[in-house]
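Engineer: Need coordinates for the following:
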Amino acid sequence: MSAAEGPLVVGVDTSTQSTKALVVDVATGQVVASGQASHTVTTGAGRESDPRQWWNALCEALSQCGDAAREAAAVSIGGQQHGLVTLDAHGEPVRPALLWNDVRSAPQADRLIEELGGAKAWAERTGSVPGASFTVTKWAWLAEHEPEAVRAVKAVRLPHDYLTERLTGQGTTDRGDASGTGWWASGTEAYDTEVLAHVGLDPALLPRVVRPGEVAGTVRDGHDLPFSKGTLVAAGTGDNAAAALGLGLRPGTPVLSLGTSGTVYAVSTHRPADPTGTVAGFADARGDWLPLACTLNCTLAVDRVAALLGLDREAVEPGTGVTLLPYLDGERTPNLPGASGLLHGLRHDTTGGQLLQAAYDGAVHSLLGALDLVLDADADRSAPLLLIGGGARGRAWQQTVRRLSGRPVQVPEAKELVALGAAAQAAGLLTGEDPAAVARRWDTARGPVLDAVERDQATLDRISEVLSDASPLLGRGTDAG
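Structural biologist: Numbering: from 1, shown residues only. Prediction:
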């Protein structure tokens, strides 16, 4: 371990597929130790994980950090959004968590929108129009399909809340992650009692919403982690809000994140309320807002296409006639939860590399279609697009985003921005600084800028036309069993 100048903090990213932990020097932002352990997710009709494996993964990731983790003065946990964690009276899971990419609650989402005033009313109330990803729809699904499980529930948490509570013994969340539930009202910044009553959820089962900069608690006795009793614990937040902190994001700077899911977002000082449902009106972890659009299918879907073709993920070839909509898990943007992948324009001379490029194009098309919607009207449309996430360092992803956006693209050198954002939040507890200012002091967004190229409008138009023509077919869905 390198000598540290200042106190140490731990930032955690508990994502869909793994938990990552970083030990960071508050003074310099240097990562002095790191660890990672994987999770499992069910396949088939649903997407579920046992929350206890997140805790075990956290223990393993921190054990890999060695003595550095024992010296940490504060810790914060960033995590996958929306997941429904149901606990019994002993704090044990009633059933596996329903994850963000479990789309079985699509019918419940449609029903809730209709029953509580329509899409516009929902956007004005909660900032977002709930889709199958949102926690409120998952609770409605659970109440309909597993009423015995619902009767056993004594606490409802989000994934990052679950781990924070196991550290502190107190049920807490933050405004950023709470804003993705569908039962937190963005106008009043409080739980919406009408929504909760409508879905039969007692507000007493929900965690307290911790204010930005507030200490959520301290590490208690009786855990398996290398923290001292009394170590400060920050509120944590959802993964996208944590990444925004990790970048030190200022209002108006666009971000495109390439992970299992794909997201585009920007910090805004204006509370968003998009009645179309394309943009989710999330809160950020500081007190501003994080309008965001999400696709379910991003790197995982493109990698699956590469595997089916027997190609390396970088083995793309240019092509002009083939369109692939890689909606392998349904889709959120556009809102087609029952959709499957669709291929159009296949010819005898179409190559595997062209099919793979078409998968990249289809994924990026969905994200760029929402980019202008998340930016405020006065945002600089020529500013570099920050490209982050697991796919950001892939040359094929970089070139596809450049070609289809027509914008310069900046690729931050810093890795694990969700965990870095959590670390910046923990550091803010110690120094009194704004966590985003901490990240800017650490210079986390530093990285090469790829110049803009001419926008490939012809490809964007072709994909849009295929999507429009195929909407009835895509909306029909397939049997996910």
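Engineer: Tell me where the stretch 151-300 of the chain has strands.
Structural biologist: Taking DSSP state E, counting those that start in this stretch as the criterion, the stretch 151-300 of the chain carries its strands at 155-157, 172-174, 184-185, 190-191, 208-210, 215-218, 232-234, 237-238, 255-258, 262-265, 280-283, 289-295.
Engineer: Could you do the stretch 351-481 of the chain as well?
Structural biologist: Counting by DSSP E, counting those that start in this stretch, the strands of the stretch 351-481 of the chain are 385-388, 409-410, 449-450.
Engineer: tell me the most buried of the ones you listed?
Structural biologist: Greatest average neighbour count among those goes to strand 385-388 (a mean of 24), per mean count of other CB atoms under 10 Å. No exception for glycine: its C-beta is placed from N, CA and C like everyone else's.
Engineer: Touching that strand from outside, list them.
Structural biologist: Under the criterion CB atoms under 8 Å, 6 or more residues apart in numbering, residues 243, 247, 249, 253-258, 371, 397-398, 401, 405, 407-412, 417, 445 lie in contact with strand 385-388.
Engineer: Mean neighbour count, the strands of the stretch 151-300 of the chain: which tops it?
Structural biologist: strand 237-238 (a mean of 34).
Engineer: Partner strands of that strand and their direction?
Structural biologist: Using DSSP bridges, the strands paired with strand 237-238 are strand 72-79 (parallel).
Engineer: For the strand it pairs with, what is the distance to the chain centroid?
Structural biologist: A distance of 18 Å separates the centroid of the chain from that of strand 72-79, by CA atoms, centre = their mean, to the nearest Å.
Engineer: so how far is residue 37 from residue 18?
Structural biologist: Distance of residue 18 to residue 37, computed by CB to CB, to the nearest Å: 6 Å.
Engineer: Spit out the residues that contact these two alike.
Structural biologist: Common neighbours of residue 18 and residue 37 (CB under 8 Å, 6+ apart) are residue 57.
Engineer: These two - which one has more neighbours?
Structural biologist: residue 37 (19 against 14; other CB atoms under 10 Å).
Engineer: Mind telling me what element that one is part of?
Structural biologist: Applying DSSP states H and E as the criterion places residue 37 in strand 31-38.
Engineer: picking up where we left off before, narrow the contacts of strand 385-388 to just the buried residues.
Structural biologist: Buried members of those, scored by 16 or more other CB atoms under 10 Å, are 243, 247, 249, 253-258, 371, 397-398, 401, 405, 407, 409-412, 417, 445.
Engineer: For the residue nearest to residue 102 when sequence neighbours are not counted, list the residues it contacts.
Structural biologist: With sequence-adjacent residues excluded and distances taken as CB to CB, 6 or more residues apart in numbering, residue 102 is closest to residue 47, at 4.0 Å. Residue 47 sits next to 41, 98-102 when contact means CB under 8 Å, 6+ apart.
Engineer: So which of those sit within strands?
Structural biologist: Mapping the contacts of residue 47 onto strands (DSSP state E) picks out residue 98.
Engineer: who wins for most neighbours among the contacts of residue 47?
Structural biologist: Neighbour counts for these, by other CB under 10 Å, peak at residue 100, which reaches 28 neighbours.
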